[in-house]
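[1] fold the following and give me the result.
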Amino acid sequence: MENDVPYGTCVLTITPITFNECHMINVDLLRQICKIPGAPGFEQRIREFVIEQARPLVDELKIDAMGNVLAIKKGKGDKRVMVAAHMDEIGFIVTHIDEDGFVRFHTLGGFDPKTLTSQRVIVHGKEDLLGVMGCKPIHLMKPEERNKQLPINEYYVDLGMPREEVLKVVSVGDPITRERGLIEMGHCVNSKSLDNRVSVFILLETLRELKDKEVPYDIYGVFTVQEEVGLRGAMSSAHHIDPDFGFGLDVTIAFDVPGAQSHEKVTKLGDGAAIKVMDGTSISDYRMVQYMKDVAERHSIPWQPEVLPAGGTDTAGVQRSGKKGAIAGAISIPLRNMHQTIEMAHKQDVRHCIDLLTRCLQELDQNDWSFGKQGGSSSAGQDIYEIL
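    Below is the predicted model of the structure:
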């Protein structure tokens, strides 16, 4: 794997994108999306890349006050569909620089501390500086310390330079992200921040698929901010858009590994797009769940159900932050090693998520959305608020 990050600094290099058809997806584009930094609240660089990619694919593009990117494709009808994929990645923020130049930090999003030891990170100050996570060596630990997990506050970032040099570049409040490039392994991709850059990729590719096609309703492809710290961007944008229909687009647990019992797996890599039934913050509308299943079956798109007992996604914000609420569900991408140094997704699952989302957006007006039914077809324009 080519490494264009010199030791001690990080230089973001954008390389020409090529498409390898045998992989079914544009891996080079996904690699770029995963590489660009964007901790919660610091999504500037990934936002600029998304804007560059999305602008030629849609009729209108807006950036709201929080920094969400709204890519809008006009449809025939008067209803609105919101698709949310968050741009931010889990990261850290500088809280202190000690007398020896070591950086202390606070987390932005959820981390498993045991995955941090000796991992390279990038501190985004006046310049990008490469650093390494450190903690107390096992050789110096007491027996009781070896048997417990170190808390986050015992880790630090070593930049390999004295305090006076660090202070010229780094300040309290600067963001920190992980340094780990995307590689292909077998039928899978392996990278930092597939949560949720793979969904950013899927939404861009879906908009590309729909570019010259007619859709029934206005599509708001929203690349949201600050999901990892509380679904904040999705809630704000959904309140503004007030969608009739909503799709969350995020990863989900694939615990399909040695030692896992069948009921613990949630999803399995390679078994297709996951249709969310529920997670820790939302219960998908049963009408939307059935609709997505019907669409998948109609077009022979492999799918699997997702019931996630804990955790949540932008689906919750999309579903209930509009003025009237939305008929909402989610398409999830099965992911191993979530919120760890590297994460893994199956390329065919990614392709199937693009296909399912594209078809769902094209056929929304062909479904009967009235209450009391779990699927079926009706003519366009069904009043989804008739029960009120």
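[2] can you show me the strands along the stretch 101-250 of the chain?
    Secondary structure of the stretch 101-250 of the chain (DSSP state E, counting those that start in this stretch): strands located at 103-108, 120-124, 128-134, 156-158, 175-178, 183-185, 188-191, 218-224, 245-253.
[3] mind putting those into TSV with mean neighbour count?
    The C-beta positions use only the backbone N, C-alpha and C, and glycine is treated the same way. Written out in TSV, the entries for these read as follows (neighbours: other CB atoms under 10 Å):
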stretch	mean neighbour count
strand 103-108	20
strand 120-124	22
strand 128-134	20
strand 156-158	20
strand 175-178	24
strand 183-185	12
strand 188-191	21
strand 218-224	28
strand 245-253	27
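[4] wait, which of these is closest to E52?
    Between E52 and these, the shortest separation by CB to CB is 12.0 Å, and it involves strand 218-224.
[5] which elements pack onto the closest one?
    In this structure, strand 218-224 makes packing contacts with helix 44-54, strand 69-73, strand 80-86, helix 194-210, helix 232-241, judged by 3 or more CB pairs under 8 Å, 6 or more residues apart in numbering; DSSP states H and E.
[6] direction included, what does that strand pair against?
    Strands adjacent to strand 218-224 in the sheet, as given by DSSP bridges, are strand 69-73 (antiparallel), strand 80-86 (parallel).
[7] and the gap between the residue nearest the centre of the chain and M338?
    Closest to where the C-alpha atoms of the chain average out (CA atoms, centre = their mean) is N196, at 1.6 Å. N196 sits 10 Å away from M338, going by CB to CB, to the nearest Å.
[8] repeat that for Q44.
    When CB to CB is applied, the distance between Q44 and M338 equals 25 Å.
[9] between the two, which has more neighbouring residues?
    The residue with more neighbours, out of Q44 and M338 and counting by other CB atoms under 10 Å, is M338; that gives 19 against 14.
[10] tell me the contacts of the more buried one?
    M338 makes contacts with D195, V251, I253, as judged by CB atoms under 8 Å, 6 or more residues apart in numbering.
[11] residues in contact with the closest residue to the first one other than its chain neighbours?
    Among residues not flanking D195 along the chain, V251 sits closest, at 4.6 Å (CB to CB, 6 or more residues apart in numbering). Each residue near V251 by CB under 8 Å, 6+ apart is listed here: L194, D195, N196, V198, S199, S332, I333, P334, L335, M338, E343, A345.
[12] export stretch 350-369 as CSV, just CAs?
    As requested, the backbone C-alpha atoms of stretch 350-369 are provided in CSV (Å, rounded to 0.1, in the frame of the first residue of the first chain):
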residue,chain,number,x,y,z
VAL,A,350,-21.9,-2.4,-0.2
ARG,A,351,-23.1,-2.9,-3.8
HIS,A,352,-26.4,-4.4,-2.6
CYS,A,353,-27.0,-1.4,-0.3
ILE,A,354,-26.5,0.9,-3.3
ASP,A,355,-28.9,-1.1,-5.3
LEU,A,356,-31.6,-1.4,-2.6
LEU,A,357,-31.5,2.4,-1.8
THR,A,358,-31.7,3.3,-5.4
ARG,A,359,-34.7,1.1,-6.1
CYS,A,360,-36.4,2.2,-2.9
LEU,A,361,-36.1,5.9,-3.9
GLN,A,362,-37.5,5.2,-7.3
GLU,A,363,-40.6,3.3,-6.3
LEU,A,364,-41.9,5.1,-3.2
ASP,A,365,-45.1,6.2,-5.0
GLN,A,366,-46.0,2.6,-5.9
ASN,A,367,-46.6,1.5,-2.3
ASP,A,368,-49.7,1.6,-0.1
TRP,A,369,-48.6,3.6,3.0
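[13] any low-confidence regions in the protein?
    1-23, 136, 140, 145, 373-388 (pLDDT under 70).
[14] how is it carved up into domains?
    Domain ranges of the chain: 21-89+181-366, 92-178, per automatic domain parsing.
[15] distance check, the closest residue to H239 other than its chain neighbours against R31.
    Closest residue to H239 apart from its sequence neighbours, by CB to CB, 6+ apart: S321 at 4.8 Å. Between S321 and R31 the distance, using CB to CB, works out to 33 Å.
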